[in-house]
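> Here you go, sequence then predicted model.
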Amino acid sequence: MSNPGASAVCRGGTRAPDFRRRGYNATHPMSDDAPAAATPARTFAVASPTAAGQPSLLRRGSIGKIVLEVALITLGVFLALWVDEWREGAQHRHLAQDALQRFRREFQMNREAVVAVRDKHVASLERIRAYLAADPSTRAGMKYPFSATNPAFLEYTAWDLALATQALDYSSPISGRAWRTSTRRSGSSMP
(Lines give C-alpha, C1' and ligand atoms only; values in the text may rest on other atoms or scores of the structure.)
Protein backbone atom coordinates (compact mmCIF):
# COMPACT_ATOMS: atom_id res chain seq x y z
CA MET A 1 0.00 0.00 0.00
CA SER A 2 1.28 3.46 -0.77
CA ASN A 3 -0.28 5.31 2.17
CA PRO A 4 0.97 3.87 5.45
CA GLY A 5 -1.94 5.30 7.50
CA ALA A 6 -4.71 3.98 5.22
CA SER A 7 -6.72 0.84 5.75
CA ALA A 8 -7.10 -1.93 3.21
CA VAL A 9 -10.53 -2.96 1.94
CA CYS A 10 -11.41 -6.61 2.41
CA ARG A 11 -13.49 -8.66 0.04
CA GLY A 12 -16.68 -8.16 2.05
CA GLY A 13 -16.30 -4.36 1.85
CA THR A 14 -15.12 -3.87 5.45
CA ARG A 15 -11.90 -2.11 6.27
CA ALA A 16 -9.12 -4.01 7.94
CA PRO A 17 -6.72 -2.15 10.24
CA ASP A 18 -3.30 -1.36 8.85
CA PHE A 19 -0.71 -2.93 11.15
CA ARG A 20 2.12 -0.90 9.70
CA ARG A 21 1.12 2.29 11.47
CA ARG A 22 3.74 3.85 13.62
CA GLY A 23 3.44 3.11 17.31
CA TYR A 24 1.48 -0.14 17.06
CA ASN A 25 2.94 -3.04 19.01
CA ALA A 26 1.45 -6.44 18.20
CA THR A 27 2.38 -7.95 21.54
CA HIS A 28 1.18 -4.98 23.55
CA PRO A 29 -1.52 -3.16 21.45
CA MET A 30 -1.99 -0.34 23.93
CA SER A 31 1.68 0.64 24.20
CA ASP A 32 3.32 3.42 22.24
CA ASP A 33 6.48 1.44 21.58
CA ALA A 34 7.80 0.78 18.14
CA PRO A 35 6.46 -2.35 16.42
CA ALA A 36 8.06 -5.60 17.37
CA ALA A 37 10.47 -7.00 14.82
CA ALA A 38 9.16 -10.53 15.17
CA THR A 39 5.63 -9.81 13.93
CA PRO A 40 5.35 -9.38 10.19
CA ALA A 41 2.97 -6.77 8.78
CA ARG A 42 -0.24 -8.23 7.39
CA THR A 43 -1.64 -6.88 4.16
CA PHE A 44 -4.92 -7.51 2.43
CA ALA A 45 -5.32 -7.72 -1.30
CA VAL A 46 -7.99 -5.52 -2.84
CA ALA A 47 -9.96 -7.34 -5.46
CA SER A 48 -10.78 -5.52 -8.71
CA PRO A 49 -14.44 -5.55 -9.84
CA THR A 50 -13.72 -7.59 -12.96
CA ALA A 51 -11.67 -10.14 -11.07
CA ALA A 52 -14.47 -10.64 -8.54
CA GLY A 53 -17.03 -11.21 -11.27
CA GLN A 54 -18.63 -7.74 -11.02
CA PRO A 55 -19.37 -5.89 -14.27
CA SER A 56 -17.42 -2.70 -15.08
CA LEU A 57 -18.94 0.78 -14.87
CA LEU A 58 -19.78 0.78 -18.58
CA ARG A 59 -21.55 -2.58 -18.35
CA ARG A 60 -23.57 -1.67 -15.25
CA GLY A 61 -25.35 1.14 -17.10
CA SER A 62 -23.94 4.03 -15.09
CA ILE A 63 -23.08 5.91 -18.28
CA GLY A 64 -26.75 5.72 -19.23
CA LYS A 65 -27.70 7.01 -15.80
CA ILE A 66 -25.22 9.86 -16.13
CA VAL A 67 -26.54 10.78 -19.58
CA LEU A 68 -30.12 10.63 -18.30
CA GLU A 69 -29.24 12.81 -15.31
CA VAL A 70 -27.45 15.38 -17.51
CA ALA A 71 -30.43 15.42 -19.89
CA LEU A 72 -32.90 15.92 -17.04
CA ILE A 73 -30.81 18.74 -15.54
CA THR A 74 -30.50 20.41 -18.95
CA LEU A 75 -34.24 20.06 -19.54
CA GLY A 76 -34.94 21.53 -16.09
CA VAL A 77 -32.69 24.52 -16.76
CA PHE A 78 -34.27 25.16 -20.17
CA LEU A 79 -37.77 24.89 -18.73
CA ALA A 80 -36.87 27.32 -15.94
CA LEU A 81 -35.45 29.79 -18.47
CA TRP A 82 -38.54 29.45 -20.67
CA VAL A 83 -40.91 30.02 -17.75
CA ASP A 84 -38.88 33.05 -16.64
CA GLU A 85 -38.95 34.47 -20.17
CA TRP A 86 -42.70 33.88 -20.43
CA ARG A 87 -43.32 35.54 -17.05
CA GLU A 88 -41.19 38.53 -18.00
CA GLY A 89 -43.02 38.87 -21.33
CA ALA A 90 -46.37 38.77 -19.54
CA GLN A 91 -45.21 41.52 -17.19
CA HIS A 92 -44.06 43.62 -20.14
CA ARG A 93 -47.39 43.16 -21.94
CA HIS A 94 -49.24 44.15 -18.77
CA LEU A 95 -47.01 47.22 -18.38
CA ALA A 96 -47.69 48.26 -22.00
CA GLN A 97 -51.46 47.79 -21.61
CA ASP A 98 -51.43 49.87 -18.41
CA ALA A 99 -49.52 52.62 -20.22
CA LEU A 100 -52.06 52.67 -23.05
CA GLN A 101 -54.95 52.85 -20.57
CA ARG A 102 -53.24 55.72 -18.73
CA PHE A 103 -52.81 57.51 -22.08
CA ARG A 104 -56.51 57.11 -22.81
CA ARG A 105 -57.56 58.45 -19.38
CA GLU A 106 -55.14 61.35 -19.67
CA PHE A 107 -56.37 62.23 -23.18
CA GLN A 108 -59.95 62.25 -21.92
CA MET A 109 -59.02 64.48 -18.96
CA ASN A 110 -57.14 66.85 -21.29
CA ARG A 111 -60.15 66.97 -23.63
CA GLU A 112 -62.42 67.85 -20.73
CA ALA A 113 -60.00 70.59 -19.62
CA VAL A 114 -59.97 72.08 -23.13
CA VAL A 115 -63.78 71.89 -23.40
CA ALA A 116 -64.14 73.61 -20.03
CA VAL A 117 -62.23 76.73 -21.18
CA ARG A 118 -63.16 76.64 -24.87
CA ASP A 119 -66.33 78.75 -24.58
CA LYS A 120 -64.49 81.48 -22.69
CA HIS A 121 -61.75 81.55 -25.31
CA VAL A 122 -64.27 81.67 -28.18
CA ALA A 123 -66.06 84.59 -26.52
CA SER A 124 -62.75 86.34 -25.89
CA LEU A 125 -61.75 85.83 -29.54
CA GLU A 126 -65.05 87.39 -30.70
CA ARG A 127 -64.46 90.44 -28.47
CA ILE A 128 -60.92 90.87 -29.83
CA ARG A 129 -62.10 90.56 -33.45
CA ALA A 130 -64.85 93.12 -32.81
CA TYR A 131 -62.36 95.48 -31.18
CA LEU A 132 -59.90 95.15 -34.09
CA ALA A 133 -62.64 95.44 -36.72
CA ALA A 134 -63.95 98.69 -35.25
CA ASP A 135 -62.73 101.99 -36.66
CA PRO A 136 -60.26 103.90 -34.48
CA SER A 137 -62.83 106.44 -33.23
CA THR A 138 -65.19 103.71 -32.00
CA ARG A 139 -62.29 101.69 -30.64
CA ALA A 140 -61.39 104.60 -28.33
CA GLY A 141 -64.72 104.30 -26.52
CA MET A 142 -64.62 100.49 -26.23
CA LYS A 143 -63.33 98.58 -23.28
CA TYR A 144 -59.95 96.94 -23.84
CA PRO A 145 -60.87 93.28 -24.73
CA PHE A 146 -57.65 91.60 -23.75
CA SER A 147 -57.83 89.88 -20.42
CA ALA A 148 -55.86 87.21 -18.68
CA THR A 149 -56.09 83.94 -20.47
CA ASN A 150 -57.62 81.00 -18.78
CA PRO A 151 -55.41 78.20 -20.11
CA ALA A 152 -56.33 74.57 -20.07
CA PHE A 153 -53.71 72.86 -17.94
CA LEU A 154 -52.94 69.64 -19.74
CA GLU A 155 -51.58 66.55 -18.03
CA TYR A 156 -48.60 64.69 -19.40
CA THR A 157 -47.72 62.38 -16.51
CA ALA A 158 -48.72 59.23 -18.42
CA TRP A 159 -46.14 60.05 -21.07
CA ASP A 160 -43.44 60.70 -18.45
CA LEU A 161 -44.28 57.45 -16.69
CA ALA A 162 -44.22 55.50 -19.96
CA LEU A 163 -40.80 56.93 -20.74
CA ALA A 164 -39.48 56.16 -17.26
CA THR A 165 -40.73 52.56 -17.26
CA GLN A 166 -39.97 52.03 -20.98
CA ALA A 167 -43.49 50.68 -21.36
CA LEU A 168 -43.69 51.82 -24.99
CA ASP A 169 -40.83 49.46 -25.87
CA TYR A 170 -43.07 46.54 -24.89
CA SER A 171 -46.11 47.77 -26.79
CA SER A 172 -46.71 45.99 -30.05
CA PRO A 173 -48.00 47.83 -33.11
CA ILE A 174 -51.06 45.57 -33.07
CA SER A 175 -52.12 46.73 -29.59
CA GLY A 176 -51.58 50.35 -30.65
CA ARG A 177 -53.71 49.81 -33.74
CA ALA A 178 -56.44 48.18 -31.65
CA TRP A 179 -56.35 51.11 -29.23
CA ARG A 180 -56.69 53.64 -32.09
CA THR A 181 -59.62 51.72 -33.59
CA SER A 182 -61.43 51.45 -30.27
CA THR A 183 -60.98 55.20 -29.76
CA ARG A 184 -62.50 55.91 -33.19
CA ARG A 185 -65.42 53.54 -32.54
CA SER A 186 -66.26 55.21 -29.23
CA GLY A 187 -66.95 58.40 -31.18
CA SER A 188 -64.70 60.58 -29.04
CA SER A 189 -63.08 63.31 -31.03
CA MET A 190 -61.47 66.60 -30.12
CA PRO A 191 -63.97 69.50 -30.24
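Sure, I can see it.
> Could you use CA atoms for every contact and neighbour count after this?
OK.
> Can you classify K143 by secondary structure?
Using DSSP: H, G, I helix; E, B strand; the rest coil, the structure places K143 in coil.
> and it, how many residues sit next to it?
9 (other CA atoms under 10 Å).
> go on, V67?
The tally of other residues near V67 (other CA under 10 Å) stands at 11.
> Where does it sit, in terms of helix or strand?
helix 62-133 (DSSP states H and E).
> From the contact counts, what lies against that helix?
For helix 62-133, the packing partners by 3 or more CA pairs under 8 Å, 6 or more residues apart in numbering; DSSP states H and E come out as helix 157-165.
> Quick one: list the elements packing against the helix it packs on.
By 3+ CA pairs under 8 Å, 6+ apart, helix 157-165 packs against helix 62-133.
> how about low-confidence regions in this structure?
Scanning the chain for pLDDT under 70 picks out the ranges 1-61, 172-191.
> Can you give me the domain assignment for it?
1-47, 95-185 (automatic domain parsing).
> wait, is A148 part of a strand?
No: per three-state DSSP, A148 lies outside any strand segment and is coil.
> Check the gap between it and H121 for me.
Counting by CA to CA, to the nearest Å, the gap from A148 to H121 is 11 Å.
> Which one's more surrounded, those two?
A direct count of neighbours by other CA under 10 Å for A148 and H121 places H121 higher, at 15 against 6.
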